[in-house]
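A.B. asks: heads up, no residue letters with this:
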């Protein structure tokens, strides 16, 4: 039976657009005007990679100090926009994870987010103690590098070729391909099916609920 590795934002919890707006406001506070759609296309990268990528798009290369300051502002604004008690699991996410636990299906979470920012999202999903969760601070490089998924597979004691990555962004799927893992795309993060398939998705589902109903297609 395969092991499942889940992204967090946009895959299991409804946080993508709060991240977009928090980054846009953080840029605005720093005197940098960035269109929201440009920011959305970069969500899923780590904060450091994100700020450098956006900097290239607006023709203003950010220093390490500027990037770190933007990350701090973003984190503050994100918590204000989406407090801990307002984090909402995406449709079907809690039921899907609960069934995997009940059936003993090996699974974990690998996210570009960092603790403590991700803790409220994990709590909203009812993630129990002992679940494998790999966050940005656990690896040297973030998506689209494969490090997060490879580390998650290692902690799950699973071979990469036996893993499915479930994600909502092209960065998840590119990282999965580089990790030699099959990937499943979900539309719940705002990317289109053609974009996810073009990035290597083996299957694309509307959200975690549709994936839950289709686990047999993955051999689970």
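C.D. replies: Sure thing, it's come through. Remember, predicted model here, so these are calculated numbers, not experimental data.

A.B. asks: Would you mind confirming that residue 180 is in contact with residue 159?
C.D. replies: No - counting by C-beta atoms under 8 Å, residue 180 sits too far from residue 159 to count as a contact (9.1 Å). Any C-beta I mention is one placed from the backbone N, CA and C, and that applies to glycine too.

A.B. asks: how about the helices of this protein, start to end?
C.D. replies: Using DSSP state H, the helices of the chain run over 16-29, 36-40, 47-57, 64-81, 93-103, 119-125, 147-156, 170-178, 193-198, 208-213.

A.B. asks: Number of residues surrounding the residue nearest to residue 21 when sequence neighbours are not counted?
C.D. replies: In this structure, residue 21 finds its nearest non-sequential neighbour in residue 81, 6.2 Å apart by C-beta to C-beta, 6 or more residues apart in numbering. Using other C-beta atoms under 10 Å, residue 81 is surrounded by 15 other residues.

A.B. asks: ditto for residue 83
C.D. replies: Residues within reach of residue 83, counting by other C-beta under 10 Å, total 10.

A.B. asks: Next up, the contacts around it.
C.D. replies: By C-beta atoms under 8 Å, 6 or more residues apart in numbering, residue 83 lies in contact with residue 120.

A.B. asks: mind checking how far the residue of the chain positioned farthest from its centre is from residue 62?
C.D. replies: Note on the chain: the largest C-alpha distance from the chain mean falls to residue 31, namely 27.5 Å (C-alpha atoms, centre = their mean). The spacing between residue 31 and residue 62, counted by C-beta to C-beta, to the nearest Å, is 12 Å.

A.B. asks: Show me which helix or strand of the protein is least confident by mean pLDDT.
C.D. replies: When each helix and strand of the chain is scored by mean pLDDT, DSSP states H and E, helix 47-57 comes last, with a mean of 70.

A.B. asks: Residue 29 touches residue 73, doesn't it?
C.D. replies: Yes - counting by C-beta under 8 Å, residue 73 is a contact partner of residue 29 at 5.8 Å.

A.B. asks: Tell me which of those two has more neighbours.
C.D. replies: It is residue 73, of residue 29 and residue 73, that has more neighbours when counted by other C-beta under 10 Å, with 18 against 14.

A.B. asks: Skipping its backbone neighbours, what lies nearest that one in space?
C.D. replies: Closest to residue 73 by C-beta to C-beta, 6+ apart is residue 26, at 4.0 Å.

A.B. asks: And for residue 115?
C.D. replies: residue 135 (5.5 Å).

A.B. asks: Can you give me the neighbour number for the one you found?
C.D. replies: By the measure other C-beta under 10 Å, the count of residues near residue 135 is 22.

A.B. asks: Next: residue 93.
C.D. replies: Residues near residue 93, counting by other C-beta under 10 Å: 26.

A.B. asks: Tell me if I'm right that it and residue 9 touch.
C.D. replies: No - in this structure, residue 93 is not within contact of residue 9 by C-beta under 8 Å, at 11.7 Å.

A.B. asks: Low-confidence regions, this structure specifically.
C.D. replies: 45-48, 55, 57-58, 60 (pLDDT under 70).

A.B. asks: The helices of the chain: which one's closest to residue 220?
C.D. replies: The closest of the helices of the chain to residue 220 is helix 93-103. By C-beta to C-beta, the value is 8.0 Å.
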